[in-house]
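This is the structure alone, sequence omitted:
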Ligand SMILES: Cc1cc2nc3c(=O)[nH]c(=O)nc-3n(C[C@H](O)[C@H](O)[C@H](O)COP(=O)(O)O)c2cc1C
Ligand code: SF4
Ligand code: SF4
Ligand code: SF4
Ligand code: FES
């Protein structure tokens, strides 16, 4: 990607680099090209056909997500031909999708990009096709729901699972109108190599894959407030968007790909293990066990002092090597340094460890 | 993501060996090859010969077999207590109705013998001619060198016989100019276009012409590796090829010839789907560019030719490009025409490229009944009215008539046929064979077929309100040639036979 040259995009001269696709060039301009099957993290599939553009000299429309530009190429993204293409294509999708009373692809808790596209074209009200797509109704995994009626077969989920997660738990299966997303033997995701990372949900454009735990009507309820936070499970420090509704955490997603270091990805813990937040057993204040054997609320000063006193008592009675120090993998390098300093300098023992070191 | 040690290319064959796709077979093949289970499952489920374990009788539901009562035959076989699966064209249209027994043996009920043109030295393939085991064209080509042979190919005017009619010499030149030296030659013997059975006869009667052509190609582009991808239903043809490869062991010692069988997917005849299938994947066509000549099998430069195209090469090397060129009438060369349907002697006739339907049918013993329509080049070419009987059957003239030469699988329909029904049979084929990858084709084929079926049931042409727009989008928006032409049987039938689509 060294050589730069120019191309014409809707008549405007714009800069491009060797090997770039129409999408990559257009991303630096005001030109917007619709798409469904594209995700910057994945190799282009060119399967949804939503992004077709006109390329001068090409008889056929070509997918902007995959078409590689060359010097002086002329690309048109809006024309009567493209408008007709989008109208009939979106209407075909509607003939193969669950619709709401207004005749639009239904809204889901994660939105539905197909619905938004369909709002931009006149309805043809094509008679529905009855595609016999199978789902996995008996998949009892706790987190991920698949609804074949909302699936547009963009294969983002399977490509994500393959290209990003390198897990390959799900696959396109069957063919023609029966094409659907399956696991080997149609087993529950729990019984496959699936790591329940939920990245397939994240990339799904229609909500065909969705969080089982989140309320289904999030969008209708006016959406959620997203609070940016850092995952507290490990030291990687993935950024999270905590979706809060009525002071309750109802869903966790990653910020958009490209925005933070985790690039749109999370693991099963970050995405799904948030039940502790509102759990009644959750400890929200320091507690010290009293002479009566019961736990009593305390201030941080009291708690730290009680800890220090206890540790010193043990050292004085049994010697420094009776103590051991383990720091959390969430700690920074500086904090880990302080931990070993505490262990070696303050208490005089080399028994110090960090939980991510094994 | 595949481990570098995983052996994906073998999985389809191994699944077949295990009796088809089951949870257990998938687990075993995963253990044998290191390929993730889901990938094996999804791949196996694509192919109809292995996606459902167990044996059954397969009854063709292609156009010609349907015209000769395949539905009734299927009913009878079912009544006799056997399980029946209806399958896409078996490539035996001249012997209609065709079935495959539970042991995958070809069983036909009325005709057993194929008619072919008599032997003649003025035919490139010359199905009835003597079999030449000398491989002297290979020796001659090696002496001539690549540039000289390609020059003769250019003079010959040889066009791809697989359907697209692309001049052969361009592909050879492109291969030779690639920087990458790991290259492959692939023979497309997946012949599955309804109405087509010419490659079948070539492999049965002149397999050495094809093998010698492949050897010439491989020698000149500088590779040892030759792959022949042949449809799995062609059991006799696989056997014939195996015998031929054995007969020519000596002549082919510089080459590794590998036969790979397909497993029931018409789309694998599309060259990039074929490559995916060779690589052990679902047969979903790739985006082009890159073209196979640049990035084909294993992402390396690959020369892909249809059986008939490559089998013309030895004769061209022998007699020179001009000789081949002059065999044709309106376009270059002699051509294998398959003809079936309402004619007296269906078969494969090698005639000058550009003969008319009337001339072809004369070879085939004349029309049966009053001809009404014909499909000139497989299901993909749609239908033409019999008034076009004097049109040259060549690439240009048929394209100009809104149809195509395709695979030269010609089916004649007489006035006993209801064109809405005929369209229905063809539309079902495309609906079933769509790979399902792209929406215009996956949804469009279902929509179009359903609307036509509704018309047949209700007799109300209002069901066609949106079919032209949908057909337009299928042609504009689909990834590959299947989707682009899949509405053609209906649009062409409605255009040329409006009286068959009135209110009834
Ligand atoms: C849907 C579809 C099916 C095809 N099926 C076949 C086939 O069965 N056999 C074949 O030789 N070519 C078939 N082709 C054409 C191939 O893609 C390719 O053009 C051909 O193998 C190239 O060889 P040729 O240049 O010798 O014709 C098919 C194309 C499409 C779009
Ligand atoms: S949750 Fe993650 S590992 Fe499981 S199927 Fe989805 S992407 Fe693959
Ligand atoms: S489940 Fe979602 S991401 Fe997967 S193919 Fe269907 S629509 Fe695309
Ligand atoms: S046009 Fe049909 S067969 Fe071709 S890639 Fe698209 S879905 Fe597959
Ligand atoms: S975004 Fe290009 S085809 Fe889907």
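That came through fine. None of the values given here were measured: they were computed from a predicted structure. Ligands and ions are numbered 1, 2, ... in the order given.

domains of chain A?
With domains defined by automatic domain parsing, chain A comprises A:4-78, A:218-279, A:287-353.

Is any residue of the longest one near ligand 1?
No - judged by CB under 6 Å from any ligand atom, domain A:4-78 and ligand 1 are separated, with a smallest distance of 13.0 Å. Placement of C-beta: from N, CA and C, glycine included.

Repeat that for stretch B:114-128.
No - using CB under 6 Å from any ligand atom, stretch B:114-128 stays clear of ligand 1, with a minimum separation of 13.3 Å.

Show me the contact partners of that stretch.
B:94-95, B:129-130, B:197, B:201-202, B:205-206, B:209, B:308, B:311-312, B:315-316, B:324, B:327, B:333-334, B:336, B:345-351, B:363-365 (CB atoms under 8 Å, 6 or more residues apart in numbering or on different chains).

at 6 Å what do you get?
B:94, B:129, B:201, B:205-206, B:311-312, B:315, B:324, B:333-334, B:345, B:347-350 (CB atoms under 6 Å, 6 or more residues apart in numbering or on different chains).

just stretch B:397-416 next, same as before
Counting by CB under 6 Å, 6+ apart, B:63-64, B:163, B:193, B:195-196, B:337-343, B:369-378, B:380-382, B:384, B:391, B:395 sit against stretch B:397-416.

out of those, which are inside strands?
B:337, B:338, B:339, B:340, B:341, B:371, B:372, B:373, B:374, B:375, B:384 (DSSP state E).

and residue B:442, what is it in contact with?
B:434, B:436.

circling back: among the domains of chain A, which is nearest residue B:41?
domain A:4-78 (19.7 Å; CB to CB).

How far off centre is the closest one?
Domain A:4-78 sits 25 Å away from the centroid of its parent chain (CA atoms, centre = their mean, to the nearest Å).

That domain vs chain B: in contact?
Yes - residues of domain A:4-78 contacting chain B under CB under 6 Å from any CB of the partner chain: A:46, A:47, A:49, A:61, A:66.

related to what we said a few turns ago, which of the domains of chain A comes out lowest on mean pLDDT?
If these are sorted by mean pLDDT, domain A:218-279 sits at the bottom with a mean of 91.

how far is that one from where the chain is centred?
10 Å.

ok, now which ones touch residue A:97?
So, once contact is read as CB under 6 Å, 6+ apart, residue A:97 ends up touching residue A:105.

if you set the cut-off to 8 Å instead, what comes out?
A:105, A:106, A:114, A:149, A:150, A:152, A:206.

what does residue A:61 give?
Neighbours of residue A:61 in contact, by CB under 8 Å, 6+ apart: A:52, A:53, A:54, A:81, A:82, A:85, B:476, B:477.

Export those residues as CSV, with columns for secondary structure.
Below are those laid out as CSV (DSSP: H, G, I helix; E, B strand; the rest coil):
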residue, secondary structure
A:52, strand
A:53, strand
A:54, strand
A:81, helix
A:82, helix
A:85, helix
B:476, helix
B:477, helix
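
and which of those is nearest to ligand 4?
Within these, proximity to ligand 4 (CB to the nearest ligand atom) peaks at residue B:477, which comes in at 8.7 Å.

how about the nearest residue to the closest one, chain neighbours excluded?
residue B:440 (3.8 Å; CB to CB, 6 or more residues apart in numbering or on different chains).

Secondary structure element holding the one you found?
Secondary structure from DSSP states H and E places residue B:440 in helix B:439-458.

Also residue B:129?
Applying DSSP H and E, one finds residue B:129 in no helix or strand.

any idea how far it is from ligand 5?
Per CB to the nearest ligand atom, to the nearest Å, residue B:129 is found 49 Å from ligand 5.

same deal with residue B:41?
For residue B:41, the distance to ligand 5 - CB to the nearest ligand atom - is 25 Å.

ok, now residue A:302?
Distance from residue A:302 to ligand 5, by CB to the nearest ligand atom: 59 Å.

what does residue A:295 give?
57 Å.

Name the nearest residue to that residue, ignoring sequence neighbours.
residue A:287 (4.1 Å).

Now that neighbour: phi and psi?
For residue A:287, the backbone dihedrals are phi -130, psi 140 (criterion: degrees, to the nearest 10).

again with residue B:41
phi -60, psi -50.

With residue B:306 instead?
phi -70, psi 150.

residue contacts, it?
Here residue B:306 is in contact with B:160, B:161, B:162, B:163, B:187, B:188, B:199 (CB under 8 Å, 6+ apart).

Check what pLDDT it gets.
pLDDT, residue B:306: 98.

Verify the contact between the residue nearest to residue A:295 and residue A:294 for me.
No - the criterion here is CB atoms under 8 Å, and residue A:287 misses it with residue A:294 at 9.3 Å.

Between these two, which is the more surrounded one?
residue A:287 (13 against 9; other CB atoms under 10 Å in any protein chain shown).

tell me the contacts of the more buried one?
So residue A:287 contacts A:295, A:296, A:297, A:298, A:303 (CB under 8 Å, 6+ apart).

Tell me the bridge partners for it.
For residue A:287, the beta-bridge partners under DSSP bridges are residue A:297.

tell me the mean pLDDT for stretch B:252-267?
98.

Okay, buried residues for that stretch please.
B:252, B:255, B:257, B:259, B:260, B:261, B:262, B:263, B:264, B:265, B:266, B:267 (16 or more other CB atoms under 10 Å in any protein chain shown).

can you tell me if it touches ligand 4.
Yes - applying CB under 6 Å from any ligand atom, one finds stretch B:252-267 touching ligand 4 at residue B:267.

my guess is residue B:446 contacts residue A:132, does it?
No - at 10.0 Å, residue B:446 does not count as touching residue A:132 under the criterion of CB under 8 Å.

mind listing what's buried in stretch A:292-302?
residue A:298.

Now do the end-to-end distance for that stretch.
17 Å (CA to CA, to the nearest Å).

possible to save the contacts of residue A:97 as JSON lines with pLDDT and distance to ligand 2?
Formatted as JSON lines, these follow (pLDDT from 0 to 100; distance: CB to the nearest ligand atom, whole Å):
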{"residue": "A:105", "pLDDT": "97", "distance to ligand 2": "22"}
{"residue": "A:106", "pLDDT": "96", "distance to ligand 2": "22"}
{"residue": "A:114", "pLDDT": "98", "distance to ligand 2": "20"}
{"residue": "A:149", "pLDDT": "95", "distance to ligand 2": "19"}
{"residue": "A:150", "pLDDT": "97", "distance to ligand 2": "16"}
{"residue": "A:152", "pLDDT": "98", "distance to ligand 2": "17"}
{"residue": "A:206", "pLDDT": "97", "distance to ligand 2": "15"}
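
Would you list the buried entries among those?
A:105, A:106, A:114, A:150, A:152, A:206.

Which pair of the residues you listed spans the longest distance?
Farthest pair in those, by CB to CB: A:106 and A:152, 12.7 Å.

Not counting its neighbours along the chain, what's nearest residue B:343?
The nearest residue in space to residue B:343 (CB to CB, 6+ apart) is residue B:364, at 4.4 Å.
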